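Novice: give the three-dimensional model of this entry:
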Amino acid sequence: MNVPEGRLVHSRVVADPRDPLAAALDRSLTGYAVFEPQETLLLDAGGHGIITFRDGVPEQAYYTGTDRGGPSALADLGMPGPYHVELVALDDAALARIGDHAELAVPPGMPAERLAGDPALAASTRRAAPADRETETPTDDDPDRSEAGAVEAFLDDEAKIDAIKQQARAEAKQRAEEWGFD
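Specialist: The predicted structure is shown next:
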């Protein structure tokens, strides 16, 4: 996904992706958010997530590390924080240049549910969505099936699992050294 440069309105490292999602909704952001997860920040792993917004409501998601979009991109991005997040404002014409790609589309409340685990924020986002926006995708008819699909997608990503294992080993080694273990 090629995103145009816009006006940076928010740039922070956050522990919880809820904060920038809520900020985008509160500001009625038209533009996009760039999420750089911990593995990118600490392990120099490639990949960041991009979520586009129109009037604070998420429209599309893309993850550069796996080149996947839509709900799959959210599954790829859904990992423990912290995240470095930038919110970028665009005018309507610049957002239109990104395009409307069906394979990148996400229901309005899905980022709040999948990334932040916040049903209240998801409900607020759905209420803010225009009436013509779909609020569900076919895979969301059965919550167990959609969650299983996200878990399966995560478990199929061996590079992500290896990166988590490496990070856990490094953290365990550091704690052992701090505590005086050999």
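
Novice: the host helix or strand of Asp162 packs against which elements?
Specialist: Taking DSSP states H and E as the criterion, Asp162 maps to helix 158-178. With contacts defined as 3 or more Cβ pairs under 8 Å, 6 or more residues apart in numbering; DSSP states H and E, the secondary structure elements packing on helix 158-178 are helix 38-43, helix 143-156. C-beta: built from backbone N, CA, C; applies to glycine.

Novice: can you flag the weakest of those by average pLDDT?
Specialist: Mean pLDDT is lowest for helix 143-156 among the helices and strands packed on helix 158-178, at a mean of 54.

Novice: what number of residues lie near Ala93?
Specialist: 8 (other Cβ atoms under 10 Å).

Novice: again, but for Lys165
Specialist: Residues near Lys165, counting by other Cβ under 10 Å, number 10.

Novice: just checking: what are the partner strands of the host helix or strand of Tyr32?
Specialist: The secondary structure element spanning Tyr32 is strand 31-37 (assigned by DSSP H and E). On the basis of DSSP bridges, the sheet neighbours of strand 31-37 come out as strand 49-54 (antiparallel), strand 83-89 (antiparallel).

Novice: JSON lines for those, including mean pLDDT?
Specialist: Output for the strands paired with strand 31-37, formatted as JSON lines (pLDDT from 0 to 100):
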{"stretch": "strand 49-54", "mean pLDDT": "94"}
{"stretch": "strand 83-89", "mean pLDDT": "93"}
